[in-house]
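> Could you work out the structure for the sequence below:
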Amino acid sequence: YTYDHKAPALDCCFVDNDKSVVSCGLDNCVKKHVLDNSGSTSGSQIIGTHEGGVKCMVYVQDQDLLVSGSWDKTVRGWDPRVSSGADHTKSVAKILMPGKVFSMDAHGHRLVVAMAQRKIHIYDTRKLDPRHAEIETETLLKYQTRCVRCFPNGLGYAVASVEGRVSIEYFSQEQEQQSKKYAFKCHRKVENGTEYVYPVNAIAFHPLHGTFATGGCDGRVMTWDGIGKKRLYQYSQYQTSIAALSFNSQGTKLAVAASYTFEQGEKDHPLDAIYVRSVNMSEVKPKS
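Purely as a prediction, here's the structure:
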């Protein structure tokens with residue numbers, strides 16, 4: 001299947017019980033394509049638009065709700081089953097945010113939105129109240145956020161940033177849970193007495209063990225036990241930056257997108273590539 005945006009695509013996900021795919025990008029559009037056996041692109045349609053590039057999307061299956069986050073400083077909810085009007089702006093919810101949206105994730109009825117200036121807002125997707133978030137906070141990290149992903153058990157989330165660090169944070173505001181928050185350094189190296197720090201672009205949680213993988217601009221993919229605070233495994237280095245990661249539903253495969261993210265500006269770089277590797281359980285299972 002192929003269909004086009006008029007500018008680079010930035011994110012995609014499945015909807016309608018995996019019968020359709022939606023995507024978003026720098027053309028400010030959220031598009032839906034119905035998957036059929038013909039491979040036809042005639043099923044593509046615009047289901048929503050923003051006033052700026054659309055950076056990320058999340059599908060909340062229980063509510064059949066598609067949520068998009070944009071550099072226009074809004075989060076918008078869409079019903080992927082119906083038209084959003086002739087001008088494609090009729091969203092079911094619109095929330096004005098204090099900063100550009102860089103990453104989002106959802107678990108159950110919780111939506112986590114990571115923005116500029118280290119801001120994190122957490123919403124209840126059952127109402128998406130535009131007046132206030134359920135929780136408004138800042139990450140433990142000091143610099144720009146690249147990725148946020150929810151724990152598989154729904155208790156919290158992990159945040160990655162440009163500073164070669166990841167934080168582990170919790171939804172509950174009770175002191176017992178908040179005292180468990182921490183951040184750790186990763187995707188760094190020391191050569192000749194100089195430390196090189198690489199942005200961490202991607203986080204993916206293992207669906208069975210609750211451990212997670214990170215990918216950075218050093219071309220490395222590593223797996224971690226967030227509870228035990230240990231690194232489990234480091235894969236062989238890829239030729240360029242790791243832009244995205246995803247485990248399959250059984251946790252037996254890991255998809256790795258290797259793509260230069262222009263952290264060093266314009267320069268010659270390897271071609272973009274997607275690798276799918278088999279996962280050995282020893283690489284992702286917490287060590288007792």
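
> Phi, psi for Ala116 please.
phi -60, psi 160 (degrees, to the nearest 10).

> go on, Ala160?
Residue torsions, per degrees, to the nearest 10, at Ala160 are phi -110, psi 150.

> who's in contact with it?
Thr145, Arg146, Cys147, Val148, Val166, Val200, Asn201, Ala202, Ile203, Thr214 (C-beta atoms under 8 Å, 6 or more residues apart in numbering). For the C-beta atoms, the positions are set from N, CA and C on the backbone; glycine is no exception.

> Need the nearest residue in space to Gly219, chain neighbours excluded.
Tyr238 (4.3 Å; C-beta to C-beta, 6 or more residues apart in numbering).

> quick one: the one you found from Asn201, how far?
For Tyr238, the distance to Asn201 equals 12 Å [C-beta to C-beta, to the nearest Å].

> Give me the more crowded residue out of those two.
Set Tyr238 next to Asn201 and count neighbours by other C-beta atoms under 10 Å: Asn201 wins out with 25 against 19.

> mind listing what the more buried one touches?
Counting by C-beta under 8 Å, 6+ apart, Asn201 makes contact with Arg146, Cys147, Ala160, Gly215, Gly216, Cys217, Ser241, Ile242, Ala243, Ala244, Thr261.

> ok, the residue nearest to Gly219 touching Arg277?
No. Judged on C-beta atoms under 8 Å, Tyr238 makes no contact with Arg277 at a distance of 10.6 Å.

> Wasn't Asp215 part of a helix?
Careful, residue 215 is Gly; it's not Asp. No. Applying DSSP: H, G, I helix; E, B strand; the rest coil, one finds Gly215 to be strand, outside a helix.

> ok so, going back, what is in contact with Tyr238 and Arg277 at once?
In contact with both Tyr238 and Arg277: Val256, using C-beta under 8 Å, 6+ apart.

> Now do the helices in the chain.
Here the chain has its helices, by DSSP state H, at 175-178.

> most remote residue from it's center?
Most distant from the centre of the chain: Asn192, at 34.5 Å, with distances by C-alpha atoms, centre = their mean.

> Pull the distance from the lowest-mean-pLDDT helix or strand in the chain to the chain's centre.
Confidence across the helices and strands of the chain bottoms out at strand 44-49, with a mean of 89, counting by mean pLDDT, DSSP states H and E. Between the centre of strand 44-49 and the centre of its chain there are 21 Å (C-alpha atoms, centre = their mean, to the nearest Å).

> Which positions within that strand qualify as buried?
For strand 44-49, a neighbour-count test (16 or more other C-beta atoms under 10 Å) marks Ser44, Ile46, Ile47, Gly48, Thr49 as buried.

> for the stretch 1-150 of the chain, what are the low-confidence residue spans?
37-43, 83-88 (pLDDT under 70).

> Need the distance between the two termini of stretch 203-223.
Criterion C-alpha to C-alpha, to the nearest Å; first-to-last residue distance in stretch 203-223 is 10 Å.

> what's the answer for stretch 23-32, then?
Stretch 23-32: ends 7 Å apart by C-alpha to C-alpha.

> Okay, buried residues for that stretch please.
Quick answer for stretch 23-32 (16+ other C-beta under 10 Å): Ser23, Cys24, Gly25, Leu26, Asp27, Asn28, Cys29, Val30, Lys31, Lys32.
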